[in-house]
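Participant: Sequence isn't available, so here's the structure alone:
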């Protein structure tokens, strides 16, 4: 299989269907393996027949990392260091890419720029089609067809399934999305929060604000955290995009990259058996403990402040008080601007009535 990946010349189906696209888009890509990488980058512009074979190959590549000549060339050491159990098992099925992604922010890989760039490139390619993420495809395909048939890209599929999951939680009803798929959705959201490069919609909406307020924030999760902290200063398009992220993130702590990584030790100490979706609620209880980490304390307090700006950021409140909110605060909710905070108006009225 690896031999097949080394050059497009050894892939008859690509030769048969992609010669014109290779000539048009990839004439300068002459290194071994670079032709397929180029075709993947240009996937949306390829002729239908070529797009079909490149899509099929990329699915196979996601499930078998040995088909990815770039990863195999620059990440061998990382695979041996972090994913040796997968190498020993001799089977992949998407496990190797998942392993590399989970370790890409470890100290050694942050220094290994070539391997890290190759991992992130594949993550970006996988945004084009949810079939390019093997575990996600296997766990969620029936539910994508059922709930999100109109969604085109992987991020659109993830957003759609996430909304179904959130609504089930708020209504305290049985989940329509099974646990395996829910875990895959949360994993994809977590990756998006780590890098805005994996959320092109947000990156486009907030391009000006990222340059204006967050140009020096380049670490994992820092750009998104910077945008959240500058919410009052954001333009409308960026503000609306951040609203949707806060709505998702504050509803499920398991997708909050900054909270999970800043508070890793506090979670282990105070909330070791708590479901990831409820970690913020758990950390709130212990934030004033004398041994509580100050960096984690700051993140938790900031999340509490954000939750207080809009009841839609608090699924626990929505679930417990939904009927009363409909009864006493319906006018405020009905006249609210889409994807903009109510700035505590519902909570204030609720306190007056109760």
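Facilitator: Ah, there it is. In this text the structure is predicted, and so the values were computed from the model without any measurement.
Participant: phi, psi of residue 195?
Facilitator: Main-chain dihedrals, residue 195, degrees, to the nearest 10: phi -140, psi 120.
Participant: my guess is it contacts residue 220, does it?
Facilitator: Yes: in this structure residue 195 lies within contact range of residue 220 using CB atoms under 8 Å: 6.9 Å. All C-beta atoms are positioned from the backbone trio N, CA, C, and that covers glycine.
Participant: more neighbours, the two?
Facilitator: Higher neighbour count among residue 195 and residue 220: residue 195, with 20 against 16, using other CB atoms under 10 Å.
Participant: count of residues packed around residue 272?
Facilitator: When neighbours are counted by other CB under 10 Å, residue 272 registers 8.
Participant: For it, which three-state class applies?
Facilitator: At residue 272, secondary structure determined by DSSP: H, G, I helix; E, B strand; the rest coil is coil.
Participant: how far away is it from residue 190?
Facilitator: Residue 272 is 19 Å from residue 190, where distance means CB to CB, to the nearest Å.
Participant: And residue 260, by the same measure?
Facilitator: Distance, residue 260 to residue 190, by CB to CB: 8 Å.
Participant: which residues are common contacts for these two?
Facilitator: Common contact partners of residue 260 and residue 190 (CB atoms under 8 Å, 6 or more residues apart in numbering): residue 254.
Participant: Please give the element, helix or strand, for residue 246.
Facilitator: In this assignment (DSSP states H and E), residue 246 forms part of helix 236-249.
Participant: With residue 38 instead?
Facilitator: Counting by DSSP H and E, the element that carries residue 38 is helix 34-41.
Participant: gap between that helix and the chain center?
Facilitator: 23 Å (CA atoms, centre = their mean, to the nearest Å).
Participant: Repeat that for stretch 96-108.
Facilitator: 15 Å.
Participant: average model confidence for it?
Facilitator: Mean per-residue pLDDT for stretch 96-108: 95.
Participant: residues making contact with it?
Facilitator: In contact with stretch 96-108 (CB under 8 Å, 6+ apart) are residues 62, 65, 71, 75, 78-79, 81-83, 86, 109-110, 115-116, 119-120, 122-123, 134-135, 191, 194, 220.
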